[in-house]
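> would you be able to build a 3D model of this:
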Amino acid sequence: MKVKGRVHYVSAKGSAEMVAEAIAREMKVVKEPLLPAYMPEGVVLMFLGCEGTKADKTTMEFIKSLNKSRVANAALFACNGKNSDAAIQQMAAALKAQGVNVLPKTFVCNGKGGLFAGGKHPSDQELEAARKFANECEKLVLGE
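Numbering: from 1, shown residues only. Model (predicted):
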């Protein structure tokens with residue numbers, strides 16, 4: 001990764017963690033779940049993700065602690081069975097209120113996860129799309 005980056009997530013069912021892992025490996029950074037998470041400082045590009053159609057309380061509290069000196073740019077992802085970007089919109093609004101630049105590129109996957117989901121979620125194709133998303137976000141930040 002050419003820019004200083006981090007990957008944070010909340011993943012009760014494991015799907016957001018799988019996406020975070022794919023992004024972190026692609027960007028050659030460590031993924032870190034929120035709670036516990038070290039407070040970011042001077043991060044150029046932070047990937048932030050959650051599960052569900054609404055952002056969870058932990059994610060929203062974490063966002064309240066951020067500002068543009070801690071995180072310059074945020075790239076958002078969400079995993080839910082509805083392919084909804086409602087959680088992303090909620091996180092984006094909160095990040096913008098804190099002065100953090102939110103990239104226009106986002107990633108949503110089915111990612112139902114859990115014991116009774118049937119099949120692997122996110123799928124291999126979704127994980128490949130997450131890696132592509134990570135590269136596209138890095139290019140946006142670098143102005144390429």
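> can you pull out the helices in the protein?
15-27, 57-64, 86-97, 124-142 (DSSP state H).
> surely Leu48 meets Leu76?
Yes - in terms of C-beta atoms under 8 Å, Leu48 counts as a neighbour of Leu76; the distance is 5.7 Å. The C-beta positions use only the backbone N, C-alpha and C, and glycine is treated the same way.
> common neighbours of the two, please.
Applying C-beta atoms under 8 Å, 6 or more residues apart in numbering, one finds that Leu48 and Leu76 are jointly contacted by Met91, Leu95.
> just want to know which of the two has more residues nearby.
Leu48 (29 against 26; other C-beta atoms under 10 Å).
> bridging residues for that one?
Taking DSSP bridges as the rule, Leu48 bridges to His8, Leu76.
> spit out the contact partners of Asn110.
Here Asn110 is in contact with Cys79, Asn80, Gly81, Asn83, His121, Pro122, Ser123, Glu126 (C-beta under 8 Å, 6+ apart).
> then Leu103?
Taking C-beta under 8 Å, 6+ apart, we find Leu103 in contact with Asn73, Ala74, Ala75, Leu76, Cys137, Leu140, Val141.
> just the residues you listed now: which is nearest Lys64?
Ala74 (13.5 Å; C-beta to C-beta).
> may I ask which of the contacts of Asn110 has the most neighbours?
Neighbour tally across the contacts of Asn110 (other C-beta under 10 Å): the maximum, 31 neighbours, falls on Cys79.
> which residues of this protein score low on pLDDT?
In the predicted model of the chain, residues 1, 111-120 satisfy pLDDT under 70.
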